[in-house]
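Asker: Here you go, sequence then predicted model.
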Amino acid sequence: MQGRSMGSSEIEPLIAQMIEQLRERIAARPKAAPLMIGIHTGGVWIAKRLHQELGLSDPLGSLDITFYRDDFTRVGLNPQVKPSQLPAAVDGRHIILVDDVLHTGRTIRAAMNELFDYGRPAAVSLVCLVDRPGRELPIQPDVVGQHMELQPGEHVKLSGPEPLVLTVQKTA
Amino acid sequence: MIGPHEVQVDAQGRLRHFLTTEGLSRALLTEILDTADSFMSVVDQSVKKVPLLRGRTIVNLFYEPSTRTRTTFELAAKRLSADVLNIAVSTSSATKGETLLDTVRNLEAMHSDMFIVRHNQSGAAHFIAQHAAPHVAVINAGDGRHAHPTQAMLDMLTIRRHKGSFQELSVVIVGDILHSRVARSQIHALNTLGVGEVRVVAPKTLLPAEVESLGVKVYHDLDAGLDNVDVVMMLRLQRERMRGTLLPSAHEYFQLFGLSARRLERTKPDAIVMHPGPINRGIEIESEVADGPRSVILQQVTHGIAVRMAVISMTMGSRVAEGADA
């Protein structure tokens, strides 16, 4: 899809397919109640959709990993930081961590570091709308909407929340 | 000499040092409050700290004693995972004749990244900011009668969390405006954030001559000053000044300028009462009010840690973004 956008008519089937996979994962862990957490900002948009469809009992949580990023010493503080909000204790829970695009893996590492500062989950499942190449850390998703091959210098970005649109951009 | 404003904001508009609320933009003050709001959630974690400033060294350089301010700065720095050195200079090398700059140079040589400065001389933090090494950030933790910007910003955070916004508010500051660095910083911040009306109430002997030029309405009668306000900010009156010529007695001060439950009825029904602490009970404020449902005094302390985390990380962040530590 290089050089073009993917709109909601193409994203909706991906989300439907992610929901099916998630139902199976949740059923496989009957002892640990699921708690869904979206990563700001795109991850929260996707998580809202999944959370609504799955009918989970706890409200959706959100994480802003700004304070856990490993590049503070290079780029400083992001001024658009939002508070993290966890609606329930994470101890013993099956955490369903949701992000929009999985790229280097550094965001997920930061999110897991933050998560473990709140407590000790029984398990963490990683859910991403898009999985793209470029991993710098040994992190892999459990549920994926779409694997996407990108050319060097290309980036994929989710805009939303209404409508959700994926766009492939060339970086300068 | 370059003014504090030029020193504390860099070419990209980011906070390099935090010396005064005077001259800072509404956008920057709002960014401090937003960042502080985000840090409020850190105390919900079982590990009450974030790794943002791991490996950084912050020096609390206090030339004037202050347990409360020093402790909240120390806790803020530790919640950011920084290492903290507390230096009470009155008991240290200053008494052996070392100058302020010599002390700063020595601490820089120990690879410090930030100085948090409390000094009885106005302008001390500004002086250090001007002479510190480029990678070092400076935060003013109270200098003479000049400024106490983090106290003012924790007050702003408390007001915003209770009232939502600033525009429609009427705020009164009561007490020793003349000697108060807190009041000066509060007035600048309230006006920049667009508060509808800022009033000050004080005896004539405790008001600076040019006070109206700061953008406030002056009252000498507390009852009139409290009429229909949304926020009451009491100031601390230093007991030692009671024996001077500025005031007749603590008792008479309370009769004229102390906040009682009866007087509080003149404010709006949902008005909040603030005080920077420590409180002189029965002098500035009656215990019934200080401990009552309108009092947000202890919340101010909690907000103070979040605001200091915000200011420390913002000033440190602008350093690293410049590549000072590359």
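Answerer: Right, received. Where do you want to start? Numbers count the residues shown, from 1 in each chain, chains lettered A, B, ... in the order given.

Asker: in stretch B:303-322, what's buried?
Answerer: B:303-322 (16 or more other Cβ atoms under 10 Å in any protein chain shown). Yep, even glycine has a C-beta here, placed from its N, CA and C like the rest.

Asker: Count the residues that sit near residue 12.
Answerer: Reading this off chain A. 13 (other Cβ atoms under 10 Å in any protein chain shown).

Asker: meant chain B actually
Answerer: With neighbours defined by other Cβ under 10 Å, the count for B:Q12 comes to 10.

Asker: which secondary structure elements does the lengthiest helix in chain B contact?
Answerer: Ranked by residue count under DSSP state H, the longest helix found in chain B is helix B:297-321. Helix B:297-321 sits against helix A:72-75, helix B:26-39, helix B:67-79, strand B:114-119, strand B:137-143, helix B:149-163, strand B:272-274, with contacts defined as 3 or more Cβ pairs under 8 Å, 6 or more residues apart in numbering or on different chains; DSSP states H and E.

Asker: What's the mean pLDDT across stretch A:123-143?
Answerer: When pLDDT is averaged along stretch A:123-143, the result is 97.

Asker: which residues are in contact with that stretch?
Answerer: A:11, A:14-15, A:18, A:21-22, A:25, A:29, A:32, A:42, A:46-47, A:50, A:94-106, A:108-109, A:112, A:115, A:144-150, A:156, A:158, A:166 (Cβ atoms under 8 Å, 6 or more residues apart in numbering or on different chains).

Asker: Write a ChimeraX command that selects only the buried members of those.
Answerer: Only the buried entries of the contacts of stretch A:123-143 go into this ChimeraX selection, using 16+ other Cβ under 10 Å:
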select /A:11,14,15,18,22,25,42,46,47,50,94,95,96,97,98,99,100,101,102,103,105,106,108,109,112,115,144,145,146,148,150,156,158,166
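
Asker: any weak-confidence spans in the chain?
Answerer: No chain in the question, so chain A it is. A:1-3, A:172 (pLDDT under 70).

Asker: Wait, chain B was what I had in mind.
Answerer: B:1, B:4-5, B:91-95, B:239-245, B:321, B:323-326.

Asker: can you map out the strands along it?
Answerer: B:57-62, B:83-88, B:114-119, B:137-143, B:170-174, B:197-201, B:217-219, B:231-234, B:272-274 (DSSP state E).

Asker: Can you list the buried residues in the fourth one?
Answerer: Neighbour-count burial for strand B:137-143, with 16+ other Cβ under 10 Å as criterion, is recorded at B:A137, B:V138, B:I139, B:N140, B:A141, B:G142, B:D143.

Asker: from those residues, which is closest to chain A?
Answerer: Taking Cβ to the nearest Cβ as the measure, chain A lies nearest B:A137 of the buried residues of strand B:137-143, at 11.5 Å.

Asker: quick one: contacts for the residue lying closest to the closest one once chain neighbours are set aside?
Answerer: Leaving aside its sequence neighbours, B:A137 sits nearest to B:T315 (Cβ to Cβ, 6 or more residues apart in numbering or on different chains; 4.0 Å). Residues near B:T315 by Cβ under 8 Å, 6+ apart: B:L15, B:R16, B:H17, B:F18, B:M114, B:A137, B:V138, B:I139.

Asker: surely the fourth one meets B:P149?
Answerer: Yes - B:F18 sits in contact with B:P149 when judged by Cβ atoms under 8 Å, with a separation of 5.7 Å.

Asker: Tally up the residues packed near B:E6, please.
Answerer: Look at B:E6: counted by other Cβ under 10 Å, it has 11 neighbours.

Asker: Quickly note the distance from it to B:A129.
Answerer: Distance, B:E6 to B:A129, by Cβ to Cβ, to the nearest Å: 10 Å.

Asker: now swap in B:G23 and tell me
Answerer: Applying Cβ to Cβ, the value for B:G23 to B:A129 is 14 Å.

Asker: Looking at the two, which has the bigger crowd around it?
Answerer: In this view B:G23 and B:A129 are compared by other Cβ under 10 Å, and B:A129 has more residues nearby, 23 against 15.

Asker: can you pull out the helices in chain A?
Answerer: Under DSSP H, chain A gives helices at A:8-27, A:42-54, A:72-75, A:106-118.

Asker: of those, which approaches B:F166 most closely?
Answerer: helix A:42-54 (28.1 Å; Cβ to Cβ).

Asker: does chain B sit close to the closest one?
Answerer: No - if you take Cβ under 8 Å from any Cβ of the partner chain as the test, helix A:42-54 misses chain B, and the best it gets is 14.7 Å.

Asker: so what secondary structure elements neighbour that helix?
Answerer: On the basis of 3+ Cβ pairs under 8 Å, 6+ apart, helix A:42-54 makes packing contacts with helix A:8-27, strand A:34-39, strand A:94-102, strand A:123-131, strand A:154-159.

Asker: distance between the longest one and the chain's centre?
Answerer: Remark: helix A:8-27 is offset 13 Å from the chain centroid, using Cα atoms, centre = their mean, to the nearest Å.

Asker: Give me the angle between that helix and strand A:34-39.
Answerer: 140 degrees (axes from the mean of the first three to the mean of the last three Cα atoms, to 10 degrees).

Asker: got the angle between helix A:8-27 and strand A:94-102?
Answerer: For helix A:8-27 against strand A:94-102, the angle by the same axes, to 10 degrees is 150 degrees.

Asker: hmm, back to that, can you put the helices of chain A in TSV and add distance to B:P203?
Answerer: Output for the helices of chain A, formatted as TSV (distance: least, Cβ to Cβ, whole Å):
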stretch	distance to B:P203
helix A:8-27	66
helix A:42-54	54
helix A:72-75	49
helix A:106-118	50
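
Asker: B:A11: neighbouring residues, count only.
Answerer: Considering only other Cβ under 10 Å, B:A11 is surrounded by 7 other residues.

Asker: just A:S84 next, same as before
Answerer: Using other Cβ under 10 Å, A:S84 has 27 other residues around it.

Asker: Please verify my assumption that B:E322 contacts B:R14.
Answerer: No - taking contacts as Cβ under 8 Å, B:E322 lies outside contact range of B:R14: 9.1 Å.

Asker: Now A:V98. Nearest residue, chain neighbours left out?
Answerer: Leaving aside its chain neighbours, A:V98 sits nearest to A:A47 (3.9 Å; criterion: Cβ to Cβ, 6+ apart).

Asker: Ok, A:V156 next?
Answerer: A:V168 (5.3 Å).

Asker: One more: A:G7?
Answerer: Per Cβ to Cβ, 6+ apart, closest to A:G7 is A:V165, 5.5 Å.

Asker: Geometric centre of chain A: which residue is closest?
Answerer: Against the mean C-alpha coordinate of chain A, by Cα atoms, centre = their mean, the closest residue is A:D99 at 1.1 Å.

Asker: ok, now how distant is B:R161 from B:I285?
Answerer: Taking Cβ to Cβ, one finds B:R161 at 21 Å from B:I285.

Asker: Just want to know which of those two has more residues nearby.
Answerer: Taking other Cβ under 10 Å, B:R161 and B:I285 do not tie; B:I285 has more neighbours (28 against 16).

Asker: Identify the contacts common to B:F18 and B:P149.
Answerer: B:N140.

Asker: Looking at those two now, which is surrounded by more residues?
Answerer: Comparing B:F18 with B:P149 by neighbour count (other Cβ under 10 Å), the higher total belongs to B:P149, at 33 against 30.

Asker: Quick check: that one touching B:L15?
Answerer: No - shown here, B:P149 and B:L15 do not form a contact pair, counting by Cβ under 8 Å, at 10.5 Å.

Asker: re the thing from before, out of the helices of chain A, nearest to B:P65?
Answerer: Among those, helix A:72-75 sits nearest to B:P65 (Cβ to Cβ), with 32.9 Å.

Asker: Can you give the distance of that closest one from its chain's centre?
Answerer: Remark: helix A:72-75 is offset 23 Å from the chain centroid, using Cα atoms, centre = their mean.
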